[in-house]
Structure formats: structure tokens, C-alpha cells
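Visitor: Everything below, folded, please.
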Amino acid sequence: MTYCKGSGVVKNFFKGLIFVLDCADEDRFHEARKEFQKIVNNTDMKGSPILVFANKQDQKHAVKATHVPNILGLDKLTNHAWFVQPSSAHKGVGLDSGLNWLIEQANRNKKRKRYILR
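Guide: Below you'll find the model as predicted:
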């Protein structure tokens, strides 16, 4: 939460991660995992919820969303709520469900946090 001095406005900020994995490009899974781990291990992300869109599920050779936790190392994370949403951005499939999950997490975090005026 941030207090804008002089304006009397209090703003709430929510930290979360939306990560999109191209499930049809297995050649780049190692690179994706490396980048994902770099982001998640940043101290600013501690405890933040993680939404992963397992994208391109509409493509014939795409890796199934059930394999994504192992690919990215989600199954080893202990201090983050995470959710893998099968999706096809091209067709607009799965986007609403994933974003609704993240909004639910934001609402839960709002109830748990203590607010400090600065």
C-alpha cells in the first residue's frame, strides 16, 4: 500500500506473476525455466502468487499443462501459491479462468496484509 503525500489517496498494490510458457516450443523450455527461476527467486517476489499460462494448447504437439510444474520447477516451490492454466491466447481460451484465479489470490492477500501509511 502506498500513501500519496498531499493527495490523501491510498493506493493498494498487488504483487503477482503471470508467466506464459509456449508449450509448443520444447527447445526453449530450458531457457524458460532459467528465466522463470530468476524471477521467482528475486526477493521482491517472495510469497507472491504465480499464474502460469500453459499456452498453445490448441497445437497438436504442445506439451500438456500437467507437465508444466515439472518443466518450470513449480513443484519445488514452497512459499508461493501457483496455478497452471491451460490456454490458447490465439483462441482466447483459458485466459479468463487464469486471471480470475489471480484476482482471487489478490483478494485473499488484501485480507491478510497489514497496511502501513508512508
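Visitor: Can you pull the phi/psi pair for Ala54?
Guide: When quoted as degrees, to the nearest 10, the phi and psi of Ala54 stand at phi -80, psi 90.
Visitor: Show the contacting residues for it.
Guide: Residues near Ala54 by Cβ atoms under 8 Å, 6 or more residues apart in numbering: 21, 23, 63-65, 68, 84-87. Any C-beta I mention is one placed from the backbone N, CA and C, and that applies to glycine too.
Visitor: Please list only the buried members of those residues.
Guide: The neighbour count (16 or more other Cβ atoms under 10 Å) marks 21, 23, 63, 65, 68, 84-87 as buried among the contacts of Ala54.
Visitor: what's the average pLDDT for the longest helix anywhere in the chain?
Guide: Assignment by DSSP state H gives helix 95-112 as the longest helix of the chain. Mean pLDDT, computed over helix 95-112, is 86.
Visitor: And it, what does it pack against?
Guide: strand 50-55, strand 82-86 (3 or more Cβ pairs under 8 Å, 6 or more residues apart in numbering; DSSP states H and E).
Visitor: Of the ones you listed, which is nearest Gly98?
Guide: Nearest to Gly98, of all the helices and strands packed on helix 95-112, is strand 82-86, at 3.5 Å by Cβ to Cβ.
Visitor: Report the strands that pair with that closest one, each with its relative direction.
Guide: strand 50-55 (parallel) (DSSP bridges).
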